[in-house]
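**Q** here's a sequence, model it:
(one chain, ligands or ions: 2)
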Amino acid sequence: MLKESFVTKHYKLAKERYAAVGVDTDKVLQDLQNIKISLHCWQGDDVAGFMHPGQALTGGISVSGNYPGKATNPTELRADLDEALSLIPGKHKVNLHAIYTDTDEKVDLDTIEPRHFSSWVQWAKEHGLGLDFNPTLFSHPMSESGFTLSSPDKTVRDFWIEHCKRSRKISEYFGKELGQQCVNNIWIPDGMKDNPIDKMAPRERLKEALDEILSEKIDQKYTIEAVEGKLFGTGVESYTVGSHEFYMLYALTHDLLWTIDAGHFHPTEDVSDKFSAYLLFGKGLMLHVSRPVRWDSDHVVIMNDELIRITRTLVRENLLDKVNIGLDFFDATINRIAAWVIGARNTLKAIMIGMLAPIDELKKAELEFDFTKRLALTEELKSFPFGAVWDYFCLKNNVPVGEDWLEEVRKYENRILPERQVDQTAH
Ligand SMILES: C[C@H](O)[C@H](O)[C@@H](O)C(=O)CO
Ligand SMILES: [Mn+2]
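**A** Ligands and ions are numbered 1, 2, ... in the order given. Sure, this is the predicted structure:
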């Protein structure tokens, strides 16, 4: 374990080094303190949820691995989230899916109500957390055809419209109870494995369904819809009804958020390039920070160039108050709590790295066509002592510095998870 005096001494040196290029590290730490990351609950149980135990994961997404000890009920999931959040500096949000109900009642997606999530609200209040929400339009008999809101079958469409309407009410409830806006993110898996004859009709049906879902006005102070497109999913390689262009334009014309999931584009696309293009016209974005490896594989977020490009863009272009940042990955080959901690700490650290730069000076150099200075300075910054600033941020937030958090996860794993293994085999 690093001594407090060691971390402080190193921070002082780093502060001096950054001051030499006009960067105020104390101000950066203040700004970083205000950043909220929405932690996706579904990393804790491999996107299973608690509504329909044993239901297979469908919708063209999949989780690989079978690491022992996954959460099997809301109490366990909240305990795991508590553990993860205790290792992540700052105050954050938790992102729930509709299948994460906490109730003894027999309830389905078209009958859920706010009260089925009251324990989550209670918990969020106790921990000073915000909540986000997602209707779940997959892993259900009504999505078996591969179509939900765009289905040609009216019974199927109506089921999902009802579910999405109810999800809005749950989001509104979260927003009212917690005093902060809840983002209600709609993603549907609809699409076709092979070439369709008609790409227009499913999109017309999706548009009509969304119009119907949103027909009741709800105060955006409490909740706002975000709509998430995708290039393709497994089994729907030829056509995705909710494509990027569809949702970008829907969000723009309906005063909503457009969700950009870093794993949902062609692997060579730079998603950070889309922020300024959209935000010149649109209200805001929901960002799903993920890591696609060759495709939408939902790997745990690491500190790679893609992540840095995303966070640097958010900082340099002053977009942090227009972009809601959430995580979206699911890996069961490693400890699930560690997965949250690694992804969240990396995202925060990458935002901090974006902030640790003489941005005004770099913008001035660019305006003056001094591309030599721009390149020289940005390259030098890559070896500045940002690690010492991060360690100090962790220390100030009373969370473990450096790799010490892993020891905490191991202790939790040894104390808590074996009991679950017994339970899981017993069922
Ligand atoms: C489980 C989520 O709804 C899902 O990850 C969604 O956000 C997505 O990205 C689907 O590929
Ligand atoms: Mn996503």
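
**Q** and the one residue in the stretch 301-427 of the chain that gets nearest to ligand 2, how far from residue 384?
**A** Residue nearest to ligand 2 within the stretch 301-427 of the chain: residue 328 (3.9 Å; CB to the ion). Every C-beta, even on glycine, is put in place using the N, C-alpha and C of the backbone. To residue 384, residue 328 is 30 Å away according to CB to CB, to the nearest Å.

**Q** repeat that for residue 293.
**A** Taking CB to CB, one finds residue 293 at 29 Å from residue 384.

**Q** rewinding a little: and the closest residue to the residue of the stretch 301-427 of the chain closest to ligand 2 other than its chain neighbours, which of the three is it?
**A** Nearest non-adjacent residue to residue 328, counting by CB to CB, 6 or more residues apart in numbering: residue 288, 3.7 Å away. At residue 288, secondary structure determined by DSSP: H, G, I helix; E, B strand; the rest coil is strand.

**Q** for residue 288, give me the pLDDT.
**A** You'll see residue 288 listed with a pLDDT of 98.

**Q** what's the burial count for it?
**A** Counted by other CB atoms under 10 Å, the residues lying close to residue 288 total 26.

**Q** am I right that it is in contact with residue 257?
**A** No. Residue 288 is beyond contact range of residue 257, at 11.6 Å (criterion: CB atoms under 8 Å).

**Q** which helix or strand contains residue 209?
**A** helix 200-213 (DSSP states H and E).

**Q** elements contacting that helix?
**A** Other elements packing on helix 200-213 under the criterion 3 or more CB pairs under 8 Å, 6 or more residues apart in numbering; DSSP states H and E are helix 154-178, helix 244-253.

**Q** in CSV, list these along with distance to ligand 1.
**A** Listed next are the helices and strands packed on helix 200-213 as CSV, based on distance: least, CB to the nearest ligand atom, whole Å:
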stretch, distance to ligand 1
helix 154-178, 12
helix 244-253, 12
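
**Q** now the closest residue to residue 98 other than its chain neighbours. Its backbone dihedrals?
**A** Spatially, and ignoring its direct neighbours in sequence, residue 98 is nearest to residue 136 (4.3 Å; CB to CB, 6+ apart). Here is the backbone geometry of residue 136 (degrees, to the nearest 10): phi -110, psi 110.

**Q** hang on, residue 136 packs against residue 49?
**A** Yes. With contact defined as CB under 8 Å, residue 136 reaches residue 49; the gap is 6.9 Å.

**Q** what does the stretch 51-200 of the chain put close to ligand 1?
**A** 61, 134, 187 (CB under 6 Å from any ligand atom).

**Q** between the residues you listed, which is nearest residue 345?
**A** residue 134 (23.3 Å; CB to CB).

**Q** next, the contact list for that closest one, please.
**A** By CB atoms under 8 Å, 6 or more residues apart in numbering, residue 134 lies in contact with 95-98, 167, 184-187.

**Q** in helices only, show me these.
**A** Among the contacts of residue 134, the residues falling in helices (DSSP state H) are residue 167.

**Q** contacting residues for the residue of the stretch 301-427 of the chain found nearest ligand 1?
**A** Minimum separation of the stretch 301-427 of the chain from ligand 1 (CB to the nearest ligand atom) falls at residue 328, amounting to 4.7 Å. By CB under 8 Å, 6+ apart, residue 328 lies in contact with 40, 261, 263, 288-290, 298.

**Q** including distance to residue 410, could these go into JSON lines?
**A** As requested, the contacts of residue 328 are exported to JSON lines (distance: CB to CB, whole Å):
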{"residue": "40", "distance to residue 410": "23"}
{"residue": "261", "distance to residue 410": "31"}
{"residue": "263", "distance to residue 410": "29"}
{"residue": "288", "distance to residue 410": "29"}
{"residue": "289", "distance to residue 410": "25"}
{"residue": "290", "distance to residue 410": "26"}
{"residue": "298", "distance to residue 410": "24"}
